[in-house]
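**Q** Provide a 3D model corresponding to the input given below.
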Amino acid sequence: MARIFGVVEGFYRRPYTSTQRLDLIGFLSDLGLNTYVYGPKSDPFHRKKWYEPYPKHKLDEFAQLSERCRKKKIDLVYALSPVYCPDLERAIKKIASFVAIDVTHFSIFFDDIKVKLNAATAEKQLHIVNGLFEYLCEEITDPYLLFCPTQYHGFKETPYIKVIATSLNRKVDVFWTGKNIVSTSISQKDIERVTRLIGRPILIWDNIFANDYIPGKILRFPYRNRAPEIIKATRGILINPMNNYSDSKPLIYTAAQFFKNPHTYDPKQTWKEARIYTYNADICSA
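**A** The predicted model follows:
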């Protein structure tokens with residue numbers, strides 16, 4: 001399976017608008033990226049009311065986004081966050097409404113919930129994750145499922161993560177954010193440690209540019225402090241950007257250049273290029 005590089009809209013507070021998402025897909029395509037994950041925490045139908053169906057007008061927006069992704073050769077991944085009450089039957093019903101509009105890539109988020117990191121919690125979550133993957137295999141020719149566990153950072157060998165490592169379907173990819181939720185650096189050694197812990201190459205959910213925890217602050221710096229070796233040692237990297245869409249574009253640009261040429265990547269020079277590139281791109285699309 002192709003390796004994964006792009007953006008996960010997985011932040012809290014203000015989500016992107018449908019217009020911004022359509023523009024983002026074109027931007028990612030122009031940069032040579034291949035994946036967009038939809039999972040903004042403030043969408044009630046994603047998290048708080050995850051078990052309720054989307055209104056028709058919202059499904060119509062997703063259908064438009066799905067078509068845009070197909071044209072631009074970007075994989076659209078719809079994420080569902082069942083939080084504390086995972087119910088396989090309800091999850092399948094919800095996901096089926098997206099299968100009906102030709103979405104074939106999905107993710108299950110169990111991040112940021114207060115549960116015990118024990119075997120029982122892991123088994124409860126895997127019932128829905130593995131069960132959903134089995135359903136997708138019956139409905140879709142080439143299904144794809146991502147999983148964000150509750151323990152999604154660090155290296156602690158808990159009973160929870162042991163069950164995840166041994167019982168999660170081998171075809172499901174696992175998110176990890178680094179040593180911390182927002183990791184200032186990610187080294188080759190970090191990747192080796194977490195790969196041993198989870199028993200498979202991980203997919204990095206990179207919060208380096210997230211600003212939902214520091215509302216109002218605009219980040220202005222390039223992608224940095226990531227070892228070049230992590231590109232080949234992982235399933236890929238997805239950037240969780242700022243709530244501020246336009247201001248996130250130069251940040252995403254710098255990450256895309258690192259993904260392409262990690263060993264020759266120059267953060268300072270790329271930051272200069274990013275500001276020019278994104279300014280010109282916005283002028284052309286206006």
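
**Q** Okay, helices next: where are they in the protein?
**A** 18-30, 56-72, 88-99, 119-139, 159-167, 188-198, 230-233, 245-260, 267-285 (DSSP state H).

**Q** any residues touching the shortest one, and which ones?
**A** Contacts made with helix 230-233 from outside it, assessed by CB atoms under 8 Å, 6 or more residues apart in numbering, are listed as 186-188, 190-192, 195, 201, 204, 237, 258-259, 262. Quick note: C-beta positions are derived from backbone N, CA and C, even for glycine.

**Q** Apply 10 Å and report the result again.
**A** Here helix 230-233 makes contact (CB atoms under 10 Å, 6 or more residues apart in numbering) with 3, 5, 178, 186-188, 190-192, 195, 201-202, 204, 227, 236-237, 258-263.

**Q** Put the buried members of the residues you listed into a ChimeraX selection.
**A** To isolate the buried ones among the contacts of helix 230-233 in ChimeraX, judged by 16 or more other CB atoms under 10 Å, type:
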select :5,178,186,187,190,191,201,202,204,236,237,258,259,262
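
**Q** about what we covered before: I'd like a version of the helices of the chain in a markdown table, one that adds mean pLDDT and distance to residue 174 as further columns.
**A** Below are those laid out as a markdown table (pLDDT from 0 to 100; distance: least, CB to CB, whole Å):
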| stretch | mean pLDDT | distance to residue 174 |
| --- | --- | --- |
| helix 18-30 | 97 | 22 |
| helix 56-72 | 97 | 23 |
| helix 88-99 | 96 | 18 |
| helix 119-139 | 97 | 10 |
| helix 159-167 | 98 | 7 |
| helix 188-198 | 98 | 6 |
| helix 230-233 | 97 | 14 |
| helix 245-260 | 97 | 19 |
| helix 267-285 | 79 | 28 |
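
**Q** With respect to burial, which of those helices scores highest?
**A** helix 245-260 (a mean of 21; mean count of other CB atoms under 10 Å).

**Q** Can you check what angle separates that helix from helix 18-30?
**A** 20 degrees (axes from the mean of the first three to the mean of the last three CA atoms, to 10 degrees).

**Q** From the contact counts, what lies against helix 245-260?
**A** strand 4-9, helix 18-30, helix 230-233, strand 236-239, helix 267-285 (3 or more CB pairs under 10 Å, 6 or more residues apart in numbering; DSSP states H and E).

**Q** Pull up the per-residue confidence for the residue nearest in space to the middle of the chain.
**A** In the chain, the centroid-proximal residue (CA atoms, centre = their mean) is residue 8; its distance is 3.5 Å. Listed pLDDT for residue 8 reads 98.

**Q** just the one 5 residues further on next, same as before
**A** Residue 13 is assigned a pLDDT of 94 by the prediction.

**Q** same thing with residue 142?
**A** 87.

**Q** Can you tell me, leaving aside adjacent residues, what's nearest to it?
**A** residue 104 (6.8 Å; CB to CB, 6 or more residues apart in numbering).

**Q** for that neighbour, what are its contacts?
**A** Per CB under 10 Å, 6+ apart, neighbours of residue 104: 66, 75-78, 98, 136, 139-144.

**Q** Over to residue 59?
**A** Contacts of residue 59 by CB under 10 Å, 6+ apart are 45, 53, 97, 98, 100, 101.
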